[in-house]
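Participant: model the structure of this input:
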Amino acid sequence: MIRISITLLVLSFLTSACGDKSDAGDNTTDSENTGTDSNDTDSDSQTAQGTPLSAIPFDFLNCASSAETDATPPEGGIIVTDDDINAFGSGGESDATVTITEVSVTDQIFTSAVRIVVDGTPTNPWNVQAQTQNILPIANGDVLLAEIWARCEKTLAESNECKLEFIIEDSTTYAKVINYPITVGKDWRHVYVAVQSDADFDAQGAHVSLFAGYADQTVDVGYLSLLNYESAQTVDSLPKTAVSYPGIDADAEWRTTAAERIDTLRRGALNVSVIDNAGNPVPDANVRVAMTRHAFHFGSAISSGTITGIENQDEMPQYADEIVDLFNIVTPENAFKWKPWAGDWGSAWNIERAVDTLNWAVANDLAVRGHVMIWPGESHLPSSIIDIMDDPVALRAAIDAHIVEATEAGGEKMIHWDVVNEPFDNHDLMDVLGDEEIAVWFKRARELDSTAKLFLNDYAILSGGAGDTGHRDNLEYWIELLESNDAPLDGLGLQSHFGLSLTGPEDVYALLDRYGTAYNKEIAITEYDINVDDENLAGCFTHDFLTAIFSHEKVHTFVMWGFKGDDDPIYDANWNEKTAGTVYKQLVFDRWWTDEEIVTDSNGNAQTRAFYGEYDITATAGDQSVTISAHHLKNAPAEITIQLP
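Facilitator: Residues are numbered from 1 along each chain as shown. The predicted model follows:
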């Protein structure tokens, strides 16, 4: 076919729990001491090795890479677009500034591309578009195939992607044959869009366009063509764009290594001794080792309105029950933000609402992440702060007062605080006070809350594919600035909002090394969600992303940014379980969960390899049975003794 180039254009000792899955016993053994990692002492017995771990996707998933994107369109298509697609520009009223240039391209089928720089947010998506017209007629019923190459050079989107929309429309009435959303990451994305026309178009009667006016972004468009197969093909017979990611295949090599790391990091030997009331060993006793809570934090952002009954009262009971059953940590999504506290969101938002949400979580044995002390962009600051941006003295005093009220509201009940949020593109306070000022905020937070770990939280670090980006480099800048100013930076919050540019698990692991290992910081995945239309793909990626982060020693927390809704992993808006939700449950409460029965040997000892967390351990011999609650933690003694009456 002819190709046309575009030429211009733990609680304190384990609040970390994932739902209480077993009734507590009468006694509690606390094995939480630091010292030699006796948990990793392997036994010669078969049982002590535990069930071998797997990182292979579950059978209900179809996780396989596809070559459909690189397929060659079949012969017989007639190109119907003009080769002069210079009609790039902005139309209509818009506050955005649009710059269009030509850039050179290497290692592609085209040698140049149109770079569209959108500075600001256009009023409408069609205010910025690449457009051409059909040079040949299109008939109602004709099968068309568009081929597009594009990439994202710069974006402020949390998924680290640029957004486009492919359009075929009547040039007079603007009636649409198709409007197809496309997201692209920093690497060139090859997109096929097949559609059957539902209208007749004379030559030059249709616009073939890419709308780019969605956001402040820089996008390169390298290629755009439209083929007409008339009735020679069907939509289903034409190439389709397969969304995938490196490492998706079930037999990918990274899976074996990840499973081995999980076995080393997340579980260890657990030894149970059973004795009688005289202290003699009891052989052949049955011992059930039943996990009740994870040591690792698995959680979600939660709605304070629903929890406090201010909103969605009918949904509250199920919503609350699901949170307690599925998670061991929560993040009040908006309740602790400065702007609503200041009254900018109306009278329903106040400190009392935030404290009520916090107290509900603590009462239900849920750890809590505080989000967020300082979000330093003007759009996230109270109007009262905007009014004093030209007065550094007053500004510093107001910030300090807010840190005081935030920590007082938290009452040292938070295990984490996001002290600063998204400094890459939210730096208006630093522009006034200097970049070093964020070190002052961290130090002040530590003075006022000595128990919470203090985090720097940002987006587009793990999402958007592999490699270097300005956003990723910028996070290193802030880490190094904080360290050079002796700020108490304990951890990094990596938000992890994913669109179609999915980062492969090996690349995720490498990025965790880049920040967690290199800077020796704890990492929390703070806002995971996934916006793809393919349920199976969302399930595969959620499986592999969780596996990758669970296998990294610096990651201790995974929080999704809501669990019920369009982009949320567990349920849709009607409480129907999604494929990703099934994956989450089977990983957290089955594959990475210990519930097994073992038998004591002649010395009254039984051993297994168990995931770190809280347990109910029951010993039974004859008609005698005793259950105790115990903590099985890394770097703590793992010797449990149960005495039968």
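Participant: confirm Ala394 sits in a helix?
Facilitator: Yes: counting by DSSP: H, G, I helix; E, B strand; the rest coil, one finds Ala394 located in a helix.
Participant: next up, the contacts around it.
Facilitator: By C-beta atoms under 8 Å, 6 or more residues apart in numbering, the residues touching Ala394 are Ile388. Glycine gets a C-beta too; all of them are placed from N, C-alpha and C.
Participant: model confidence score at it, please.
Facilitator: Ala394 carries a pLDDT value of 98.
Participant: before we move on, what about Asn86?
Facilitator: On the pLDDT scale, Asn86 is placed at 50.
Participant: now do the SS call for the residue nearest to the spatial centre of the chain.
Facilitator: The residue lying closest to the centre of the chain (C-alpha atoms, centre = their mean) is Tyr528, at 2.1 Å. Assigned with three-state DSSP, Tyr528 falls in the strand class.
Participant: from here on, call the first residue 37.
Facilitator: Taking 37 as the first residue, the last one we looked at is Tyr564.
Participant: I figured it hits Phe577, correct?
Facilitator: No: using C-beta atoms under 8 Å, Tyr564 is not in contact with Phe577, being 10.3 Å away.
Participant: quickly list what's touching both of those two.
Facilitator: Phe534.
Participant: now the strands for the stretch 387-536 of the chain?
Facilitator: Assigned by DSSP state E, counting those that start in this stretch, the strands in the stretch 387-536 of the chain fall at 403-410, 452-457, 489-494, 527-530, 533-534.
Participant: worst average pLDDT in the ones you listed?
Facilitator: In terms of average pLDDT, strand 533-534 trails the rest of those, at a mean of 93.
Participant: re the thing from before, among the strands of the stretch 387-536 of the chain, which is the most enclosed?
Facilitator: Neighbour counts (mean count of other C-beta atoms under 10 Å) averaged over each of the strands of the stretch 387-536 of the chain peak at strand 452-457, with a mean of 28.
Participant: pull up the pairing partners for it, direction included.
Facilitator: Using DSSP bridges, the strands paired with strand 452-457 are strand 403-410 (parallel), strand 489-494 (parallel).
Participant: how far is the first one from where the chain is centred?
Facilitator: For strand 403-410, the distance between its averaged C-alpha position and the chain's averaged C-alpha position is 17 Å (C-alpha atoms, centre = their mean, to the nearest Å).
Participant: send the alpha carbons of it over as CSV?
Facilitator: The C-alpha coordinates for strand 403-410 follow below in CSV (Å, rounded to 0.1, in the frame of the first residue of the first chain):
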residue,chain,number,x,y,z
ALA,A,403,-4.2,1.7,58.9
VAL,A,404,-4.6,5.2,57.4
ARG,A,405,-2.5,7.2,55.0
GLY,A,406,-2.8,11.0,55.3
HIS,A,407,-3.3,12.7,52.0
VAL,A,408,-2.3,15.5,51.6
MET,A,409,-0.6,18.2,53.7
ILE,A,410,0.7,20.5,51.0
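Participant: can you map out the helices along the stretch 437-586 of the chain?
Facilitator: Using DSSP state H, counting those that start in this stretch, the helices of the stretch 437-586 of the chain run over residues 464-469, 473-484, 506-520, 541-548, 554-555, 571-586.
Participant: is it possible to get a markdown table of those helices that adds mean neighbour count, mean pLDDT and distance to Ile606?
Facilitator: Output for the helices of the stretch 437-586 of the chain, formatted as a markdown table (neighbours: other C-beta atoms under 10 Å; pLDDT from 0 to 100; distance: least, C-beta to C-beta, whole Å):
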| stretch | mean neighbour count | mean pLDDT | distance to Ile606 |
| --- | --- | --- | --- |
| helix 464-469 | 18 | 98 | 35 |
| helix 473-484 | 20 | 98 | 32 |
| helix 506-520 | 16 | 96 | 28 |
| helix 541-548 | 21 | 97 | 21 |
| helix 554-555 | 14 | 98 | 32 |
| helix 571-586 | 24 | 97 | 10 |
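Participant: okay, those helices in CSV with distance to Thr367 next?
Facilitator: Output for the helices of the stretch 437-586 of the chain, formatted as CSV (distance: least, C-beta to C-beta, whole Å):
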stretch, distance to Thr367
helix 464-469, 22
helix 473-484, 17
helix 506-520, 20
helix 541-548, 20
helix 554-555, 23
helix 571-586, 16
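Participant: out of those, the one nearest Val229 is which?
Facilitator: helix 571-586 (17.8 Å; C-beta to C-beta).
Participant: any idea which helix or strand comes after that closest one?
Facilitator: Moving toward the C-terminus from helix 571-586, the next helix or strand (DSSP states H and E) is strand 591-596.
Participant: who does that following strand pair up with?
Facilitator: In the sheet, strand 591-596 lines up against strand 333-338 (parallel), strand 558-566 (parallel) (DSSP bridges).
Participant: wait, which of these is closest to Gln165?
Facilitator: Among these, the nearest to Gln165 by C-beta to C-beta is strand 558-566 (28.0 Å).
Participant: looking at the helices of the stretch 437-586 of the chain, which is closest to Leu262?
Facilitator: With C-beta to C-beta as the criterion, Leu262 lies closest to helix 571-586 of the helices of the stretch 437-586 of the chain, at 26.7 Å.
Participant: next, the angle from that closest one to helix 541-548.
Facilitator: Relative orientation of helix 571-586 versus helix 541-548 (axes from the mean of the first three to the mean of the last three C-alpha atoms, to 10 degrees): 40 degrees.
Participant: C-alpha coordinates for helix 571-586, CSV please?
Facilitator: This file holds the C-alpha atoms of helix 571-586, laid out as CSV (Å, rounded to 0.1, in the frame of the first residue of the first chain):
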residue,chain,number,x,y,z
GLU,A,571,-11.4,-6.6,31.0
ASN,A,572,-9.0,-9.4,30.4
LEU,A,573,-6.1,-7.0,29.7
ALA,A,574,-7.0,-5.1,33.0
GLY,A,575,-6.9,-8.4,34.8
CYS,A,576,-3.6,-9.5,33.3
PHE,A,577,-1.9,-6.2,34.0
THR,A,578,-3.3,-6.0,37.6
HIS,A,579,-1.9,-9.5,38.2
ASP,A,580,1.5,-8.7,36.8
PHE,A,581,1.8,-5.2,38.4
LEU,A,582,0.9,-6.6,41.8
THR,A,583,3.3,-9.4,41.4
ALA,A,584,6.1,-7.1,40.4
ILE,A,585,5.6,-4.7,43.3
PHE,A,586,5.0,-7.5,45.8
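Participant: for that helix, packing partners?
Facilitator: On a contact count with 3 or more C-beta pairs under 8 Å, 6 or more residues apart in numbering; DSSP states H and E, helix 571-586 meets helix 290-302, helix 541-548, strand 558-566, strand 591-596, helix 615-622.
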